[in-house]
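Student: Requesting a structural model of the entry that follows:
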Amino acid sequence: MGGHSTDFLNGGGKMGALMRAHDWLTSPLGVPAQWPDTLKSAVATCLNSRFPMVVWWGPQLIMLYNDAWQPILGETKHPHGLGRPGADSWPDTWPIVGQQFESALKGVASWSEDLLLASDRHGYMQECYFTYSHSPLIDATGKIVGVLTAVVETTARILTERRMRVLGALSKATIEATTGDVTIEETCQNLLDLLCSDNPDIPFAVQFIADESGHARLVAASQIDRALFPSSLSALSPDDVWGIVNVLKTRALRIIERSPEPRFALPGGSWPEPTTQLVALPLLRKSPGNNLVGALLIGANSRLHLDSEYLDFLMLVAAELAGSISALRSIETEQRSARAKELLVRELQHRSRNLLAVVRSISERTRATSTSLDDYAGDFNGRLGALSRVQGLLSREESEAIGLDELVHMEMNSLGVTDSSDVSIGGPNLALPRDSVQMLSLALHELGTNSIKHGVLNGSGGTLEIRWKLASTDKPALRLEWSERRRKLAELVVSHRHGFGRTLLEQALPGQLGATTRFDLRPDGLQCVIELPVESAT
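Tutor: Below is the predicted model of the structure:
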């Protein structure tokens, strides 16, 4: 290798060919045949190594490198960096590596692992990481004449590990949110804050949630002013500059290559350079039918290219956020269902207790007023029948009204009483409050059965009128009148003196419903008037 031979440049792949064809008169090194033997030996070793290596020669650290190291330079530093001082080609990293070279030229080797060395390799400052060593290059006399560097770029691994940590943190936060007492909106904001926290890949993010109709509302924004974005959108809205409407329409990812907000630069997050690219993504859940749950707008890392790995990561983020929304919606639905069931159970328990209390009261009062077991059985069964019928009405949906006309006719029909020349039933169509239906049903049953036993409905002759209206008095009320006209009164007077019906009318109705009742026995018949406060009737 000594003398003026250039055989040391033989082979070496593309860089060997480039060195052989290079005009070395433009380089401080001069023609290769006259290079020192130490430089020739180092360059030959470098060119024939498949590991990325570079030789920095002399105090100017002239740069000579092999095929494996050439991609690290990028098109902005290769090939014109060949044979030139390193500081000329690497001004962006020299504040860091320059000090390491000075130490190596003094005989102190160095080792750096996964070091961030942002540099312009493709026309923009790029986030890149390297593991490398700087070793003093020593000639035969023991003099340090340069630096030998072995280097491997670890950018891809660093980015992958960082993105996996982000996805893991999102997943963990979503699981924690499902066990906490937070709203979907609060969870979305928390997840976006986590996503944008110290994360160069996502300097800012904005999230919309869509309903079943496709209408989307803004629910969260992190590291950017949410006032820049519309509060609501839909697929039918005019296209917006942020690409959200397009995503809602197509349910496909969209890249915006420039800032849609010209008044100021968009946040760059970890870097001083502003974000110039944005990615709008649909939030889709894996389910049949309408699987759109929202849209996500993300600012891109200004120091990275939006390659397939980067976009895959963003789509995984969108899938995680969509999954969190779906999970929380399912939990909210289950919680509402559980609360509804709990309320239903409580209501059933309450009604059951009340119903049992009514049955017990009916049993006791019927026993007290019955003269025989058959008499007791007949009256008790009749009253239980009235309770059963009204329970059917109360089992309806809360939104379905129970009318007084329906209640009166139901009770009269159960007794075989219908409108005829002797019986007249009528009044305006009024909806009853549910808490009054049961007591009014029992009252009508008692009036009807007593009339069948002792009044005008026993076949002895007479007329019955059942009328109701809204009475406008000092205390507006629903007024229900039961009027009987007959000839013989002796048995009627005795039967109504201390029976269950009188107790129900004169004590239970006022006590439970705040009603006023009047029960009059006259020479020509019977009149019962029930006035229910208007706030209890509609």
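
Student: residues near Pro36, how many?
Tutor: 16 (other CB atoms under 10 Å). Heads up, the C-betas are built off the backbone N, CA and C, glycines and all.

Student: Tell me how far it lies from Lys143.
Tutor: 10 Å (CB to CB, to the nearest Å).

Student: Val55 too?
Tutor: From Val55 to Lys143 the distance is 16 Å (CB to CB).

Student: before we move on, what about Leu311?
Tutor: 52 Å.

Student: If you count surrounding residues, which of those two has more?
Tutor: Taking other CB under 10 Å, Leu311 and Lys143 do not tie; Leu311 has more neighbours (15 against 10).

Student: For that one, which three-state class applies?
Tutor: Classification of Leu311 using DSSP: H, G, I helix; E, B strand; the rest coil returns helix.

Student: is it true that it touches Gln277?
Tutor: No. Leu311 is not in contact with Gln277 according to CB atoms under 8 Å; the separation is 11.0 Å.

Student: can you map out the helices along the stretch 51-200 of the chain?
Tutor: For the stretch 51-200 of the chain, helices defined by DSSP state H, counting those that start in this stretch occupy the ranges 70-73, 86-89, 94-105, 155-179, 184-196.

Student: element containing the residue most central in space within the chain?
Tutor: Centroid-nearest residue in the chain: Ile325, 3.0 Å away (criterion: CA atoms, centre = their mean). Using DSSP states H and E, Ile325 sits in helix 308-369.

Student: do you know how far Asn413 is from Arg389?
Tutor: 10 Å.

Student: okay, these two: which has more neighbours?
Tutor: Ranked by neighbour count (other CB under 10 Å), Asn413 and Arg389 place Arg389 first, with 16 against 11.

Student: Could you point out the helix or strand that follows the helix or strand harbouring the more buried one?
Tutor: Under the criterion of DSSP H and E, Arg389 resides in helix 373-394. With elements assigned by DSSP H and E, the helix or strand that comes after helix 373-394 is strand 402-403.

Student: Can you give the contact residues for whatever helix or strand comes next after that next one?
Tutor: Counting by DSSP H and E, the element after strand 402-403 in chain order, helix or strand, is helix 404-414. Contacts to helix 404-414, defined as CB atoms under 8 Å, 6 or more residues apart in numbering, come from residues 385-386, 389-390, 393, 418, 423, 425-427, 429-432, 437, 440-441, 444-445, 448, 466, 468, 478, 480, 537.

Student: Would you mind giving me the ChimeraX syntax to select the buried ones in the residues you listed?
Tutor: Only the buried entries of these go into this ChimeraX selection, using 16 or more other CB atoms under 10 Å:
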select :386,389,390,393,423,425,427,430,432,437,440,441,444,445,448,466,468,478,480,537
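
Student: Go through the contacts of helix 404-414 and flag which are in strands.
Tutor: Val423, Ile425, Gly426, Ala431, Leu432, Ile466, Trp468, Leu478, Leu480 (DSSP state E).

Student: Next, format those as TSV and append pLDDT and distance to Gln223.
Tutor: Output for those, formatted as TSV (pLDDT from 0 to 100; distance: CB to CB, whole Å):
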residue	pLDDT	distance to Gln223
Val423	87	79
Ile425	89	73
Gly426	88	72
Ala431	83	56
Leu432	83	59
Ile466	91	73
Trp468	89	67
Leu478	86	63
Leu480	89	68
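
Student: For Met63, state which of those residues is nearest.
Tutor: Ala431 (92.5 Å; CB to CB).

Student: Any idea how many residues pack against the nearest residue to the closest one once chain neighbours are set aside?
Tutor: In space, and not counting its chain neighbours, Ala431 is closest to Ala401: 3.8 Å by CB to CB, 6 or more residues apart in numbering. The tally of other residues near Ala401 (other CB under 10 Å) stands at 15.

Student: And Leu509, how close does it get to Arg434?
Tutor: Using CB to CB, we find Leu509 at a distance of 16 Å from Arg434.

Student: ugh, wrong one, I meant Ile224
Tutor: 53 Å.

Student: ok, Phe130 touching Leu115?
Tutor: Yes. Applying CB under 8 Å, one finds Phe130 in contact with Leu115, separated by 5.7 Å.

Student: remind me which residues of the stretch 401-538 of the chain are low pLDDT?
Tutor: By pLDDT under 70, the weakly predicted segments of the stretch 401-538 of the chain are 473-474, 487-501, 534-538.

Student: where exactly do the helices run in it?
Tutor: Under DSSP H, counting those that start in this stretch, the stretch 401-538 of the chain gives helices at 404-414, 434-454, 490-495, 500-503, 509-513.

Student: Let me know which of these is the nearest to Ile256.
Tutor: Going by CB to CB, the one of these nearest Ile256 is helix 434-454, 57.8 Å.

Student: between the closest one and helix 404-414, how many degrees?
Tutor: 30 degrees (axes from the mean of the first three to the mean of the last three CA atoms, to 10 degrees).

Student: For the remainder of this discussion, apply numbering that starts at 678.
Tutor: Sure, I'll start counting at 678 from here, so that last one is helix 1111-1131.

Student: just how off-centre is helix 1111-1131 within its chain?
Tutor: 53 Å (CA atoms, centre = their mean, to the nearest Å).

Student: Output that helix as CSV, restricted to C-alpha atoms.
Tutor: Taking C-alpha atoms only, helix 1111-1131 is exported to CSV below (Å, rounded to 0.1, in the frame of the first residue of the first chain):
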residue,chain,number,x,y,z
ARG,A,1111,-101.4,7.6,38.9
ASP,A,1112,-101.4,8.0,42.7
SER,A,1113,-105.1,8.6,42.7
VAL,A,1114,-106.2,5.7,40.3
GLN,A,1115,-106.2,2.9,42.9
MET,A,1116,-108.2,4.7,45.5
LEU,A,1117,-110.7,6.1,43.0
SER,A,1118,-111.2,2.6,41.6
LEU,A,1119,-111.9,1.1,45.0
ALA,A,1120,-114.3,4.0,45.8
LEU,A,1121,-116.2,3.4,42.5
HIS,A,1122,-116.3,-0.3,43.3
GLU,A,1123,-117.7,0.2,46.7
LEU,A,1124,-120.4,2.6,45.5
GLY,A,1125,-121.3,0.2,42.7
THR,A,1126,-121.5,-3.0,44.9
ASN,A,1127,-123.5,-1.2,47.6
SER,A,1128,-125.9,0.1,45.0
ILE,A,1129,-126.3,-3.4,43.7
LYS,A,1130,-127.0,-4.7,47.2
HIS,A,1131,-129.1,-1.9,48.6
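
Student: buried stuff in that helix?
Tutor: For helix 1111-1131, using 16+ other CB under 10 Å, the buried residues are 1113-1129, 1131.

Student: quick revisit: turn the helices of the stretch 1078-1215 of the chain into JSON lines, including distance to Thr860.
Tutor: Listed next are the helices of the stretch 1078-1215 of the chain as JSON lines, based on distance: least, CB to CB, whole Å:
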{"stretch": "helix 1081-1091", "distance to Thr860": "43"}
{"stretch": "helix 1111-1131", "distance to Thr860": "33"}
{"stretch": "helix 1167-1172", "distance to Thr860": "64"}
{"stretch": "helix 1177-1180", "distance to Thr860": "53"}
{"stretch": "helix 1186-1190", "distance to Thr860": "41"}
